[in-house]
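Q: Below: sequence and its predicted model.
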Amino acid sequence: MCANLLPHSKDRQRQHGEISNFESRVSNLLTMIMQRNMYIKFALVLLILSATAGCDTVAGLVGSRKAEAHIPVVRVAREPVEAKIHLIGELGPSRSAMIVAPPAGGILQIVSLAKTGTMVKEGDIAVQFDPSEQEYNLEQSKSQLEEAEQQIRKMKADQAVRVAQEQVTLLKAEYDVKRAELKVKGNDLLSGIEARKNIIALEEARRKLEQLRRDIRSRASSDAADLIVQDVARTKAMMGMKMAQQFIDNMTCRAPISGVVVVARSLESLVSAGGVISINSEDDIPELRPGSQIYPGNLVAQIQDVEHMEISSKVIETDRANIESGRDIDVIADSKPLKIYKGKIKSLAQSASNPQNEGAYVDYLEGLSTRSFAALFQVDTQGDAIRMGVTARVTVSGNDVRDALSLPRQALHQKEGKTVVYVRRAEGWEPRDVRVQYLTESRAVIEGLPEGTEVALVNPEQEKTRSAGKTGPVSPVLGGATQ
């Protein structure tokens, strides 16, 4: 029994020792694996840092080359340049006539008025004003004229009666003088006292006759003056009648030319009770209409001739020398973009104006020239109904340049107030001053660069700044958060 148990205990001891050895080996193996993992993690960290730094360097190099690669270039070419000048202008009538309120001595009221856009012919009624006040003035002037004429007739009759009476009195005075003279002739037969009385009577008769003659002459002058006064009153009444009749005739305004009616706007209708005008936009100002009141001399409407249209525009100074009056043009109106109208250059200003001061639009390319010339273009609308104010695009064929160095206008840039181009160099781009001889819509004839010179179409300095602003840190390749 004991002999049988001894081998079993030995086996168990041996198994226990083997298990202990196995556990120690496993523990040693795990320790070695953990140490190797630490080395591997450290190596991975170093690898990630190196890769990140390398990516930053590569990205910087690629970004700079990419920025340079994105700059388009062109070469200076010697070729003929076709000069076509493109302008933008506003279509308007070649002539217009104004209708103003006639002088009538007071505020006028509109009775009838043609609406804006109405076609009228020469002589058609465009505006009518209320003639009531002028008709009253006419009747009053007629009454004054009749009264003046009655006064003149009465005065002449009274003067005729008085003149007849004065003639009788004058004859009696002359008779008294002659009778006194006869008595004086008989003084030799009378006493001294009676003779003296006759002499005194003769002198008194002569004095009365002379005074009567003076009075007659004075009254005749006074009567003539009274007649002149009444004649002036009659003339004044006649002038008042003619003026009132003329004002009545002027109350009807007819179109001086054929065309389209454009009614003026009335600011007076916006005046509030406090005398303040409130305007937010031009559309807030209403047009004149029947019933509106207007002062004499104020604009009521315009008649614009639509049979003869013209375009007003500006020509920059670099294009002014290549066109002259009378040259043919092509016109495209924005309201009819599929049709080309023909025309001619009507007039060109001889003196330049500053477009910035006049509020004219000048884009960047036209800004290379700082002054402009006013231009008028005559256009044949071929009977089409084109409204005034429509934008029109004018194409003028200028003087072609047969042999010239040219490049696209996009290659011209402004730097420190000078026109420059950017020429390619080994180390980058160099700004070079050039002289612009002539500008077309797409090409610029220049001096200062040899044929074949490679220039940039865009500003490299601006592109470099723009590219640097867009370049940022590279995202981690192996994952992880960006600090």
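A: Okay, I see it.
Q: Strands of the stretch 251-400 of the chain, residue ranges please.
A: 252-254, 259-263, 293-294, 299-304, 309-316, 328-333, 336-348, 372-379, 391-397 (DSSP state E, counting those that start in this stretch).
Q: gap between the shortest one and the chain center?
A: Relative to the chain's own centre, strand 293-294 is displaced by 25 Å; criterion: C-alpha atoms, centre = their mean, to the nearest Å.
Q: For Gln230, find the nearest of the strands of the stretch 251-400 of the chain.
A: Nearest to Gln230, of all those, is strand 252-254, at 34.8 Å by C-beta to C-beta. The way it works is simple: take the backbone N, C-alpha and C, and place the C-beta from them, glycine included.
Q: Can you add distance to Ser94 and mean neighbour count and give the strands of the stretch 251-400 of the chain back as a markdown table?
A: Formatted as a markdown table, these follow (distance: least, C-beta to C-beta, whole Å; neighbours: other C-beta atoms under 10 Å):
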| stretch | distance to Ser94 | mean neighbour count |
| --- | --- | --- |
| strand 252-254 | 21 | 16 |
| strand 259-263 | 10 | 21 |
| strand 293-294 | 28 | 18 |
| strand 299-304 | 9 | 21 |
| strand 309-316 | 4 | 21 |
| strand 328-333 | 14 | 18 |
| strand 336-348 | 8 | 14 |
| strand 372-379 | 7 | 21 |
| strand 391-397 | 14 | 19 |
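Q: Just put those strands in a markdown table and tack on mean pLDDT.
A: Compiled in a markdown table, these are given as follows (pLDDT from 0 to 100):
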| stretch | mean pLDDT |
| --- | --- |
| strand 252-254 | 92 |
| strand 259-263 | 88 |
| strand 293-294 | 88 |
| strand 299-304 | 90 |
| strand 309-316 | 85 |
| strand 328-333 | 88 |
| strand 336-348 | 87 |
| strand 372-379 | 86 |
| strand 391-397 | 87 |
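Q: So, low pLDDT: which residues of this structure?
A: 1-69, 268-283, 354-370, 467-483 (pLDDT under 70).
Q: which one of the strands of the stretch 251-400 of the chain lies closest to Ala83?
A: Per C-beta to C-beta, nearest to Ala83 of these: strand 391-397, 7.0 Å.
Q: Tell me which helix or strand comes right after the closest one.
A: Going down the chain from strand 391-397, the next helix or strand is strand 401-408, by DSSP states H and E.
Q: which of the residues in that next one are buried?
A: 401, 404-407 (16 or more other C-beta atoms under 10 Å).
Q: Likewise for stretch 454-465?
A: 455-460, 463-464.
Q: Using PDB, write out every CA atom in it.
A: Extracted in PDB, the C-alpha atoms of stretch 454-465 (Å, rounded to 0.1, in the frame of the first residue of the first chain):
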ATOM      1  CA  GLU A 454       8.400  86.700 -71.600                       C
ATOM      2  CA  VAL A 455       6.100  88.700 -69.300                       C
ATOM      3  CA  ALA A 456       3.500  87.800 -66.700                       C
ATOM      4  CA  LEU A 457      -0.200  88.300 -67.400                       C
ATOM      5  CA  VAL A 458      -1.000  88.800 -63.700                       C
ATOM      6  CA  ASN A 459       0.900  90.600 -61.000                       C
ATOM      7  CA  PRO A 460       3.300  88.100 -59.500                       C
ATOM      8  CA  GLU A 461       3.600  90.100 -56.300                       C
ATOM      9  CA  GLN A 462      -0.100  90.000 -55.700                       C
ATOM     10  CA  GLU A 463      -0.200  86.300 -56.600                       C
ATOM     11  CA  LYS A 464       2.600  85.500 -54.200                       C
ATOM     12  CA  THR A 465       0.900  87.300 -51.400                       C
END
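Q: what comes into contact with it?
A: Residues from elsewhere that reach stretch 454-465 (C-beta atoms under 8 Å, 6 or more residues apart in numbering): 67, 70-76, 407-408, 410-411, 413, 421-424, 428-429, 449.
Q: next one: it to chain centre, how far?
A: With C-alpha atoms, centre = their mean, you get 39 Å for stretch 454-465.
Q: Now do the domain split for this structure, please.
A: 73-82+404-470, 84-92+305-399, 96-130+252-267+286-304, 132-249 (automatic domain parsing).
Q: Quick one: end-to-end length of the last one, please.
A: Okay, so that is domain 132-249. 12 Å (C-alpha to C-alpha, to the nearest Å).
Q: Give me the distance from that domain to the chain's centre.
A: That offset, for domain 132-249, works out to 71 Å (C-alpha atoms, centre = their mean).
Q: do the first one as well
A: Mean-position distance between domain 73-82+404-470 and its chain equals 36 Å (C-alpha atoms, centre = their mean).
Q: element containing Glu146?
A: Going by DSSP H and E, Glu146 is in helix 132-185.
Q: what's the helix or strand immediately after that helix in the chain packed up against?
A: Next along the chain after helix 132-185, taking DSSP H and E as the criterion, comes helix 192-250. If you count contacts as 3 or more C-beta pairs under 8 Å, 6 or more residues apart in numbering; DSSP states H and E, helix 192-250 packs onto helix 132-185.
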